[in-house]
Every structure is written in C-alpha cells, then in structure tokens.
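Chemist: model the following, please.
(4 chains)
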2 protein chains.
Amino acid sequence: MSESPKRSKNQLKTHIRAQNQALILETAERIFARQGLAKTTTQMIADEAGLPKANIHYYYRSKKDLLEAVLERILQLWLDSVSQFSEELGPRHNLTRYISEKLDQSRLNPSASKVFAMALIGEEPFVLEFLRRFFVDELQKEKQTLDRWVEQGLMKPVPVEHLFITIWAMTQTYADFDGQVKVLLQKEQLEESDFDDAKQFITRMILLSCGIEEV
Amino acid sequence: MSESPKRSKNQLKTHIRAQNQALILETAERIFARQGLAKTTTQMIADEAGLPKANIHYYYRSKKDLLEAVLERILQLWLDSVSQFSEELGPRHNLTRYISEKLDQSRLNPSASKVFAMALIGEEPFVLEFLRRFFVDELQKEKQTLDRWVEQGLMKPVPVEHLFITIWAMTQTYADFDGQVKVLLQKEQLEESDFDDAKQFITRMILLSCGIEEV
DNA sequence: CTGTATTCTGACCGGATGTTCAAGTTTTGC
DNA sequence: GCAAAACTTGAACATCCGGTCAGAATACAG
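Modeler: Predicted coordinates:
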C-alpha cells in the first residue's frame, strides 16, 4: 500500500481508521463467502488481512458486529448499483435492465451475494430486519409501477411478489450455488458467456410471462 | 451405507441400530436446518433426540460422518420421490408435474431442502460429488428427451441446462429462503395457497418459454 | 518538543465442542 | 442359561476460538 504523497493533516486524522476498516471488511467478506459464516474465525481474517487478531477486535468489538458491518456494506453497494424502475421507459426496458444488473452482480461480486445468502438461509435476525427496512417498501413501489403499466396495457397482470421472488432466485443462484451450476454446465469456471446465456433465457422467460415478448 | 445381506432370522438383529440411526438422522436434519451446519452441536442433536451425546458418536464416528449420512438420506428420499420424465406423456405434462413435485418437496420437507442448500453453498466437497454422480447423468437423459420433443415439434428448443438450473432455483427458493419469502409476502407462515400461486406462476413461465403454453 | 489521543499487539482466559474411553447394561446366538 | 456381541453412558480430554487487557508504539495538536 502506497501512501498519497500529499494529504492534509486533517484527512490523516481518520485516515488509518477508514483504511483499516475497509481492509477488514473486504477481507472478511471474502473469507465469510469462502468458509461459511460460522467456520470463519477472526484469526483467519486477521492473517489474510495481515493484522494481529486483537486489531480486528479493536475495530469491531465482536464477530457478530463484524458480520453486521459486512452485510451493511454489501447492502449499501447493492442499493447504489441497482437502478430504480422508471415508469416512462416501460416494462420491457426496465425488466431487461433489472435482470441484467442482478446477473452482473452475481458475476462480478459473487462473494457479496454468497455472504448475503448465507446470512439469509441461516436466518440471521438482522438480515431479515434489513429486508424489511429496505426491500418491502421498494417492492411496494415497484408493484405500483407495474400496476400502472398493466392499466396502460403495456403488460399483463402478474403476481408481483412471486415475479420478484423468482427473478431473485434465478439470478442469485448463479452466484450462491455456483458450485452446483459449474457441475451441471460441466465447466471449471463460469465465463461471461454463461451469464449471457442465462441473461437471455431468464429475460425471455420473464418478458413472456408478462405478455411483453412475442412467442 | 451397506445393509446386512441376510435378513433371514428376525429383523430384531438390526432393530435397535436401524431405529436409533433413523432417529438420529431425522433429528440431525431438523437441527442442521434450523441452526446451520457449523452451529449445530452434537449435544443439541443428542438432547433433542433424547440420547446421551456419546451415543450419537457410537453410531456416527464424527460430525462430518453424520452430516454425510444426513445428506445421503435426503438425496435418497429425493430420488425416490421425483418421477422420471416419460417421453410419451409429452413436455407439458412432464414439466408441470416436475415443477409441482419440486414445490411440494419444498413445502412438505423444507428441512431437507435447506440442509442440502447449506451444504451446497458451503461447497462441502462430497455434496458436489453427489451431484456429479446422481444428477449429471440424469440431466443428460432429460436433455435427450427434450431434444426428441423438439424434433417432434412439441416444444421449442431451449438451453436445457439453464432451464433446469432456473427451475431448481425458483422451486427451492421457497424452502431455502423461506424467511425472505415470508418477509416479501408479509406473512407469518407460508400456506399451501402461496405454494399454489408459485406453482401456477412458475409453470406458466416455463411452459411459455418452451413455446408450449399460449400467451 | 510535549502532552494527549489513537492505534497496535502479545499474552492470556473462560468456555464450548468434538471426540475418546472404559466400565456398565442389554440383546443376541446357540 | 451363558458367553459374546451390541449397545449405553458418565466423565474426562485436547483443542480451538472469541474476547479482554495492559502496556507499548505511533500519530496528532498546539
């Protein structure tokens, strides 16, 4: 790590803290995804981050705190990277983009997806809380948008909750269960083309079910 | 793993063993699903099964052995309960039944689904081995059947691997991530009607993408 | 430079957990 | 009915892991 040659003294005040926290969070996310939440030890994170274990605990009091911080960071990155539905662009464009962005996330940041899935499947209480706070309202908004598109005859009525549940399931599966996917595709590593195939197939399926795409 | 080849005299010979192993496996599956694989302790399993901890280890040398046995039992139940594709019944009937059976599994035996998903997401080595042994061949067979249906004009050509990956993803998500589903549907518990809704939506989507269902 | 705040870190602790063992009890084969 | 095999079980062991802490080192402000 090279330091910036010129940096005002004020910035240095919080420089160390921010840098170390970022290092710890990134390392922790990677190891959580690789080893599983419970099997990951603070020692592993410390070793891979090149810090003593006690230093990890200096920034994050407990392992649970650290996991929460990792999840919050993941959620923040997600919220920043997923576009909002924009009514005027219509259902075809929005759904296509949504699926594309979700699959890009699975491809480009599989660790984040996997950690979140692990926390969800283990029903860590604060993850369900996150979902309530961030996604339930979001879903309501998108539901209203879809309703208006239906009214305008731009698409057929669909069970919106199940629509999103299945989109998430399909797109996340390529990150969360990549081991399974690799076995079934008989590949050592998933390539961008595999994600493109999935993108095309899933998009077509969703658009068809919304009565947008022609058969 | 291997049963005694001679069942001649009386079944009491292996009665105790079989009964206790079944009890342990069922209990372990439930707790693995509830607590996660790593957080589950042999003590928990012992307590809930009403046995001393040392007795668990009498039947299963290590926790890893026990987990393997649980997974093998799950896989066996799955293979027994999922019907084979039968070419003469055609794609609509087979796909509809396949999706229905998978969702019934998620509804009626969520623990099994969840344990398997946990093992998969944690990439337990022997699970990937199971997949290779049991599902890859299976997928090949189903692919050939679908190919013949395509030739006969009963359905459109589809990327079969992605078709099955997405069907599995959608149907399993209702068991594996039931916490998430409950939050989004805003329900305390999933009812049969929720699974019926999912069944209808997913089936329609898959049939449409195969060019079977009319829009 | 000096004092204060922040960061670093080795050593340690308490508790939990998988596993073993040896001594008991029950069941089985004959 | 009796010896062997199978099963049961309390107790102990070795290990590992999250978390603490006191004091050293470093960065910062004035």
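Chemist: give me the secondary structure label for A:Thr40.
Modeler: Following DSSP: H, G, I helix; E, B strand; the rest coil, the label given to A:Thr40 is coil.
Chemist: er, A:Leu37 actually
Modeler: Classification of A:Leu37 using three-state DSSP returns coil.
Chemist: which residue is the nearest non-sequential neighbour of it?
Modeler: Spatial nearest neighbour of A:Leu37, chain neighbours left out: A:Met118 (5.3 Å); criterion: CB to CB, 6 or more residues apart in numbering or on different chains. Every residue, glycine included, has its C-beta placed from N, CA and C.
Chemist: what about the one you found, distance to A:Trp168?
Modeler: 15 Å (CB to CB, to the nearest Å).
Chemist: who has more neighbours, those two?
Modeler: A:Met118 (23 against 19; other CB atoms under 10 Å in any protein chain shown).
Chemist: I figured that one hits A:Gly36, correct?
Modeler: Yes. Between A:Met118 and A:Gly36 there is a contact under CB atoms under 8 Å: 6.5 Å.
Chemist: identify the contacts common to the two.
Modeler: Contact criterion CB atoms under 8 Å, 6 or more residues apart in numbering or on different chains; residues bridging A:Met118 and A:Gly36 by contacting each: B:121-122.
Chemist: is whichever strand or helix holds A:Phe164 up against chain B anywhere?
Modeler: Element membership for A:Phe164, per DSSP states H and E: helix A:160-176. Yes. Using CB under 8 Å from any CB of the partner chain, helix A:160-176 comes into contact with chain B via A:161-166, A:168-170, A:172-174, A:176.
Chemist: and the contacts of the next helix-or-strand element following that helix?
Modeler: For helix A:160-176, the following helix or strand on the C-terminal side (DSSP H and E) is helix A:178-185. Under the contact criterion CB under 8 Å, 6+ apart, helix A:178-185 has outside partners A:110, A:173-174, A:188-190, A:194, B:120, B:123, B:127-128, B:131-132, B:135-136, B:139, B:161, B:164-165.
Chemist: quick check on these: which are buried?
Modeler: A:110, A:173-174, A:190, A:194, B:120, B:123, B:127-128, B:131, B:135, B:139, B:161, B:164-165 (16 or more other CB atoms under 10 Å in any protein chain shown).
Chemist: tell me where chain A has helices.
Modeler: Counting by DSSP state H, chain A has these helices, from start to end: A:9-13, A:15-35, A:42-49, A:53-59, A:63-81, A:90-108, A:110-121, A:125-131, A:137-151, A:160-176, A:178-185, A:192-209.
Chemist: can you add mean pLDDT and give those helices back as TSV?
Modeler: Output for those, formatted as TSV (pLDDT from 0 to 100):
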stretch	mean pLDDT
helix A:9-13	47
helix A:15-35	96
helix A:42-49	98
helix A:53-59	98
helix A:63-81	95
helix A:90-108	97
helix A:110-121	97
helix A:125-131	89
helix A:137-151	95
helix A:160-176	98
helix A:178-185	96
helix A:192-209	98
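Chemist: which residues of chain A lie near DNA strand C?
Modeler: A:14, A:16-17, A:20, A:51-55, A:57-58 (CB under 7 Å from any atom of the strand).
Chemist: and the residues you listed, which two are furthest apart?
Modeler: The span of these, defined through CB to CB, is set by A:Thr14 and A:Lys53 at 23.2 Å.
Chemist: please tell me how far A:Val136 sits from B:Pro159.
Modeler: 34 Å.
Chemist: just to revisit the earlier point, now the helix holding A:Phe164 against helix A:90-108, angle please.
Modeler: 30 degrees (axes from the mean of the first three to the mean of the last three CA atoms, to 10 degrees).
Chemist: let me know the pLDDT of A:Phe135.
Modeler: As predicted, A:Phe135 sits at a pLDDT of 88.
Chemist: oh sorry, the question was meant for A:Arg7
Modeler: 37.
Chemist: excluding its backbone neighbours, what's nearest the residue nearest the centre of chain A?
Modeler: Nearest to the mean C-alpha position of chain A, counting by CA atoms, centre = their mean, stands A:Ser113 at 4.5 Å. For A:Ser113, the nearest residue in space outside its immediate sequence neighbours is A:Ala175; the separation is 3.7 Å by CB to CB, 6+ apart.
Chemist: same for the helix holding A:Phe164, what does it pack against?
Modeler: Packing partners of helix A:160-176 (3 or more CB pairs under 8 Å, 6 or more residues apart in numbering or on different chains; DSSP states H and E): helix A:90-108, helix A:110-121, helix A:137-151, helix A:178-185, helix A:192-209, helix B:160-176, helix B:178-185, helix B:192-209.
Chemist: what's near enough to touch the residue nearest to A:Asp176 when sequence neighbours are not counted?
Modeler: Leaving aside its chain neighbours, A:Asp176 sits nearest to A:Ala117 (4.1 Å; criterion: CB to CB, 6+ apart). A:Ala117 makes contacts with A:172, A:175-176, B:121, B:177, as judged by CB under 8 Å, 6+ apart.
Chemist: A:Gln84 too?
Modeler: Counting by CB under 8 Å, 6+ apart, there are no residues that A:Gln84 touches.
Chemist: go on, A:Arg61?
Modeler: A:Arg61 touches nothing, counting by CB under 8 Å, 6+ apart.
Chemist: how close does it get to DNA strand C?
Modeler: Noted for A:Arg61: a distance of 12 Å to DNA strand C, by CB to the nearest atom of the strand, to the nearest Å.
Chemist: tell me the pLDDT at A:Glu213?
Modeler: Note on A:Glu213: pLDDT of 80.
Chemist: tally of neighbours for it?
Modeler: 18.
Chemist: one more: A:Ala18?
Modeler: 11.
Chemist: do the same with A:Leu67
Modeler: Per other CB under 10 Å, the neighbour tally for A:Leu67 reads 22.
Chemist: likewise for A:Lys187?
Modeler: Neighbour tally, A:Lys187, other CB under 10 Å: 11.
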